[in-house]
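Participant: Any chance you could fold what I've pasted below:
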Amino acid sequence: MTGHIAALKLPDYDPGVSQVSWFRDYAAYCGVTASGKSLYAVVAQVAARKPVLAKKLTGFNAESHPDQVCGQPDWQREPLRITFHPAGATGVSFDVAPGSAVLVEDASDDSAPAVRQ
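Facilitator: Next up, the predicted model:
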């Protein structure tokens, strides 16, 4: 009988760049930095103040990208994984560690993953 409605704040979200894809309490989308020069893969958790993941995908120029520059991210359940689809590039995937808000980059090279807690 009672309910509470609150506005969600999604860091670096721009509806002209990407759509939000939800899974449980996670929101995944491509975000643009405040300077508008970089495109990021972002995973935000409803209860968290900072994004769980913010990984730079590519540079960004709003004037040369009139349409959405990212397809809607795809969630996979087993293992829990999110795949981002930036326009003109191959998909980028990240695994979500069960029982935590830690994301591990699914990379074939030896680079360190971009993880925020």
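Participant: and the closest residue to Y13 other than its chain neighbours, how far is that from G3?
Facilitator: Leaving out its chain neighbours, the residue that sits closest to Y13 by Cβ to Cβ, 6 or more residues apart in numbering is G31, at 5.5 Å. (Glycine included, C-beta is placed from N, CA and C.) Distance, G31 to G3, using Cβ to Cβ, to the nearest Å: 29 Å.
Participant: partner residues bridging the residue minimising distance to the centre of the chain?
Facilitator: Nearest residue to the geometric centre of the chain (Cα atoms, centre = their mean): V42, 2.4 Å. Taking DSSP bridges as the rule, V42 bridges to Y29, A54.
Participant: thought it was touching P11?
Facilitator: Yes. Between V42 and P11 a contact is recorded at 6.4 Å, counting by Cβ atoms under 8 Å.
Participant: so L10 is in which element?
Facilitator: Using DSSP states H and E, L10 maps to neither a helix nor a strand.
Participant: Sorry, wrong one. I was asking about H85.
Facilitator: Assigned by DSSP H and E, H85 belongs to strand 81-86.
Participant: Strand partners (parallel or antiparallel) of the next helix or strand after that strand?
Facilitator: With elements assigned by DSSP H and E, the helix or strand that comes after strand 81-86 is strand 92-96. Paired with strand 92-96 in the same sheet, following DSSP bridges, are strand 81-86 (antiparallel), strand 103-105 (antiparallel).
Participant: for the record, mean pLDDT for the longest one?
Facilitator: In this case it means strand 81-86. Confidence over strand 81-86 (mean pLDDT, whole number) is 89.
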